[in-house]
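Chemist: Pasting the sequence and the predicted coordinates here, then a few questions.
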Amino acid sequence: QVQLVESGGGLVQPGGSLRLSCAASGFSFSTYAMTWVRQAPGKGLEWVSAINTGGGSTSYADSVKGRFTISRDKSKNTVDLQMNSLKPEDTAVYYCAASYRPSGYDYWGQGTQVTVSS
């Protein structure tokens, strides 16, 4: 059974940090690129960051570049998103997704809520 389970969300003040984690199981994690996508209240999905299968190539949306860092641990089958200098506009449900090919996402997690507010 394929599972992507996100954790680490919560309420944080502006300027604070959170670390999201996504635990994968039921598929060959090392052969899938991993992506974080978010959805703010009342808005559509926004691509946030991605990492390739080997972990050596990462990319970020301009809105988070320099503040967020994506990483993956093949021994634990996890992909993390370190989020620093958080802003209220980062408030969203964050999802991790797995892609075998660049054409789309094969698996999705259930999401974790991040709220940035004073």
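Modeler: Received it, and whenever you're ready, just let me know what you need. Numbers count the residues shown, from 1 in each chain.
Chemist: What segments of this structure are strands?
Modeler: Remark: strands assigned in the chain by DSSP state E are 3-7, 10-12, 18-25, 33-39, 45-51, 58-60, 68-73, 78-83, 92-99, 107-108, 112-116.
Chemist: could these be laid out in JSON lines, adding mean neighbour count and mean pLDDT?
Modeler: C-beta here means a position set from N, CA and C on the backbone, and glycine is covered the same way. Shown next, in JSON lines, are the strands of the chain (neighbours: other C-beta atoms under 10 Å; pLDDT from 0 to 100):
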{"stretch": "strand 3-7", "mean neighbour count": "17", "mean pLDDT": "97"}
{"stretch": "strand 10-12", "mean neighbour count": "14", "mean pLDDT": "98"}
{"stretch": "strand 18-25", "mean neighbour count": "19", "mean pLDDT": "98"}
{"stretch": "strand 33-39", "mean neighbour count": "22", "mean pLDDT": "98"}
{"stretch": "strand 45-51", "mean neighbour count": "19", "mean pLDDT": "97"}
{"stretch": "strand 58-60", "mean neighbour count": "15", "mean pLDDT": "97"}
{"stretch": "strand 68-73", "mean neighbour count": "18", "mean pLDDT": "98"}
{"stretch": "strand 78-83", "mean neighbour count": "23", "mean pLDDT": "98"}
{"stretch": "strand 92-99", "mean neighbour count": "22", "mean pLDDT": "98"}
{"stretch": "strand 107-108", "mean neighbour count": "16", "mean pLDDT": "97"}
{"stretch": "strand 112-116", "mean neighbour count": "18", "mean pLDDT": "98"}
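Chemist: Chain neighbours aside, what residue packs nearest to residue 86?
Modeler: Nearest residue to residue 86, sequence neighbours excluded (C-beta to C-beta, 6 or more residues apart in numbering): residue 116, at 4.6 Å.
Chemist: Just want the phi and psi numbers for the closest residue to residue 29 other than its chain neighbours.
Modeler: Nearest non-adjacent residue to residue 29, counting by C-beta to C-beta, 6+ apart: residue 77, 4.3 Å away. Torsion angles at residue 77 (phi, psi; degrees, to the nearest 10) stand at phi 60, psi 50.
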